[in-house]
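S.K.: below is the structure, and that's it, no one-letter string:
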């Protein structure tokens, strides 16, 4: 069974309590962390690490909280690193295994509708829509090399 960020999900509830509200970047981060854990299957709390490329201010930076909640990678443990970039993507690593993720074009279109001025009810609605998207429509996942997607 695939875990997603549906409204009744305990994972989503934990993320909302931690972050303070529901939004699409929070959900995107949650889904990325869930996918990374499913693929890489970390067994111990320090097995997994992530580097995230994003703008370092809201709404894009909200993704960081979702990734922390779902992946267990945190700034405090030092297994989450953030790099400034104009486009969102993440590299998850467990030992020598590496996966890269970025939003699909369809997801990007949803994310472009969000700004600091977007009404809260619209932000929540867009977050729920990303929570219910099939994984293949939400994320591009690439296995392998140690370089990120070209921007």
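M.R.: Happy to help now that I have it. Values in this document were obtained by computation on a predicted structure and should not be read as measured data.

S.K.: for the longest helix seen in the chain, buried residues please.
M.R.: The longest helix of the chain (DSSP state H) is helix 24-40. By neighbour count on 16 or more other CB atoms under 10 Å, the buried set for helix 24-40 is 24-37, 40. Where you see a C-beta, it was placed from the backbone N, CA and C, and this is true even at glycine.

S.K.: where does pLDDT dip in the protein?
M.R.: 1-8, 145-151 (pLDDT under 70).

S.K.: mind listing the helices for it?
M.R.: Under DSSP H, the chain gives helices at 10-19, 24-40, 62-71, 105-111, 120-132, 135-138.

S.K.: any chance of those helices in JSON lines, plus distance to residue 87?
M.R.: Converted to JSON lines, those look like this (distance: least, CB to CB, whole Å):
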{"stretch": "helix 10-19", "distance to residue 87": "22"}
{"stretch": "helix 24-40", "distance to residue 87": "13"}
{"stretch": "helix 62-71", "distance to residue 87": "12"}
{"stretch": "helix 105-111", "distance to residue 87": "9"}
{"stretch": "helix 120-132", "distance to residue 87": "17"}
{"stretch": "helix 135-138", "distance to residue 87": "16"}
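
S.K.: for residue 86, find the nearest of those.
M.R.: helix 105-111 (12.0 Å; CB to CB).

S.K.: quick check: residue 82 touching residue 50?
M.R.: No: counting by CB atoms under 8 Å, residue 82 does not reach residue 50; the two are 9.4 Å apart.

S.K.: give me the more crowded residue out of these two.
M.R.: It is residue 50, of residue 82 and residue 50, that has more neighbours when counted by other CB atoms under 10 Å, with 25 against 16.

S.K.: and the residue nearest to that one when sequence neighbours are not counted, how close does it get to residue 29?
M.R.: Distances taken as CB to CB, 6 or more residues apart in numbering place residue 73 nearest to residue 50, at 4.6 Å, with adjacent residues excluded. Between residue 73 and residue 29 the computed distance is 11 Å (CB to CB, to the nearest Å).

S.K.: pull up the overlap in contacts between the two.
M.R.: Shared contacts of residue 73 and residue 29, defined by CB atoms under 8 Å, 6 or more residues apart in numbering, comprise residue 67.

S.K.: what residue is smack in the middle of the chain?
M.R.: residue 29 (1.7 Å; CA atoms, centre = their mean).
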